[in-house]
Each structure stands twice: as C-alpha cells, then as structure tokens.
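Enquirer: please find the sequence and the predicted model below.
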Amino acid sequence: MKLTYLSHAAFLVESSTHRIVIDPFLSGNPLAPMSASEVKVDAVLLTHGHSDHIADAEQIARDNNAVIIAPMELAVYFGQKGLSVHPMHLGGAHDFPFGRVKLTIAFHGSGIETKDGLLYGGNPSGILLTMENKTFYHAGDTALFGDMQWIGKLNAIDVVALPIGDNFTMGPGDAAIAAEWIGAKKVIPIHYNTFDLIKQDPNAFVDTIAAKGLEGIVLNPGDTFEV
Ligand code: NI
Ligand code: MN
C-alpha cells in the first residue's frame, strides 16, 4: 500500500491494482500539491461533510466515474447529485474491489455547508482501510477518545494518520496520547498548517512520540510513503 499525502487530511492510496482518494481538499487549499483534475482514482472515501474534506469529491467522482464511499447521510447528499455512492455507517465494514473499509467513530461534526445553509450530514467517522494486508487508520477529524485504545487492540494497524492542528480537532498533546493508545507501527500527523488557526510543528510532535518509543513520519504535501 502506497500513501501520498495531499496535505490537510487528504491522501491518495494506491495498491498494485487500484487507486483511491480520502477527503480530497485541493481547491482553495494553499498547500495542495496537485489539482483535483490530476487525481485519477477508482473511489473517493469521505470521513465527514466539512468543506475541508469534501471540497473536490464531486468533481473527482464525476471525472473518474468513481464511487463515493461515505457515512450514510453524506452519501445520500452526493447520491442526490446523481453520483454513484456507497453508503456505510459507524462500525460497518465492507469489502470493495480495492480493499476493505470499516468506519470508526470520531468525535466531531459533519454539517455540509451549502449556499442554502448548513445541511445535516450525520455522524463523522474515521476510516480503517485494509489493502494488500496493510491497515491504514485515518482518524478523520476527532477529539481524543478512550475507545482509540480498543481500535488499536482490535486491529493490527500499520499506520495511523492523526490530526494535530488543535482548535477543530486534537492538538499535538492529545494526538500524542492517541498515538500511544492506538499503538500503530507508524504515525503520520495531519490537519495542520493549512491555515494559521491550525499552525503546528509536526517535527515537535514526532519528537514527543519518539520519546514514547513510537515512530512518527512527517510527510510534506506530495510526499509518498510505502506502508
Ligand atoms: Ni471537520
Ligand atoms: Mn477538518
């Protein structure tokens, strides 16, 4: 499994046969390493309905004839736009041609911003994605929560992406606790430095968790990491 960090909470994930994108936010993102029209994928996975996670979902899904996989309410929203969707919900898993997806809880919101106001977007989620026998836990936007210990105990997680930006999600201190609880082999900090409000030093985070014997990896936008 190959992960390319597209900045913020967005990843391109590739196996030898498939490509998917998680939480595409490239338009209007000052750190985006590529444009939405350059993204070639089989599926679009979304953790929740906030604009910094779904900004380019519609365009990428249309351009690629790709299915949008998301929590039920968010999937319905895109389905009503005529896109192909696969609704899931918290705790549910499904085997797709590219791999297995299981949605986890996340403590956050999921309102969908539209020109007519905020739409109800259901619950936010995290994603456990297994491809080629490797498991990637994308925690989504979330607060620290105790059940992360169970997510770590019940799943052999090779790599976890944790938000460290603070304000809207965990900050680096809580994310370091999350990293310890989840016990993944590798930890990638995400959801920082896109805006001033979420400015953080990812290297300081990596140093903090290194002191607990955990391996953090700072990916710059566009960097690829082989899991
Ligand atoms: Ni959010
Ligand atoms: Mn966000």
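Expert: Great, that's in hand. Ligands and ions are numbered 1, 2, ... in the order given.
Enquirer: would you mind listing what in this structure touches ligand 2?
Expert: With the criterion set to CB under 5 Å from the ion, the chain comes near ligand 2 through 52, 141. (C-beta placed from N, C-alpha, C; glycine too.)
Enquirer: interface residues of the chain facing ligand 1?
Expert: 50, 141.
Enquirer: could you redo the last one with a cut-off of 8 Å?
Expert: Residues of the chain found near ligand 1 (CB under 8 Å from the ion) are 47-48, 50, 52-53, 108-110, 124, 140-141, 168-169.
Enquirer: what about the nearest residue to residue 214 once chain neighbours are set aside, neighbour count?
Expert: Leaving aside its sequence neighbours, residue 214 sits nearest to residue 179 (CB to CB, 6 or more residues apart in numbering; 5.3 Å). If you count neighbours by other CB atoms under 10 Å, residue 179 ends up with 26.
Enquirer: from memory residue 179 sits against residue 159, does it?
Expert: No - counting by CB atoms under 8 Å, residue 159 is not a contact partner of residue 179; they are 11.2 Å apart.
Enquirer: what is the subsequent helix or strand relative to the strand or helix carrying the residue nearest to residue 214?
Expert: In the assignment (DSSP states H and E), residue 179 maps to helix 172-182. Once the chain leaves helix 172-182, the next helix or strand it forms, by DSSP H and E, is strand 186-190.
Enquirer: partners of that next one, with directions?
Expert: Strand 186-190 sits in its sheet next to strand 159-163 (parallel), strand 215-216 (parallel), going by DSSP bridges.
Enquirer: now the shortest one: average pLDDT?
Expert: Right, strand 215-216. Strand 215-216 carries an average pLDDT of 98.
Enquirer: the very next helix or strand once past it packs against which elements?
Expert: Using DSSP H and E, the helix or strand that follows strand 215-216 in sequence is strand 224-226. Using 3 or more CB pairs under 8 Å, 6 or more residues apart in numbering; DSSP states H and E as the contact test, the elements touching strand 224-226 are strand 2-5.
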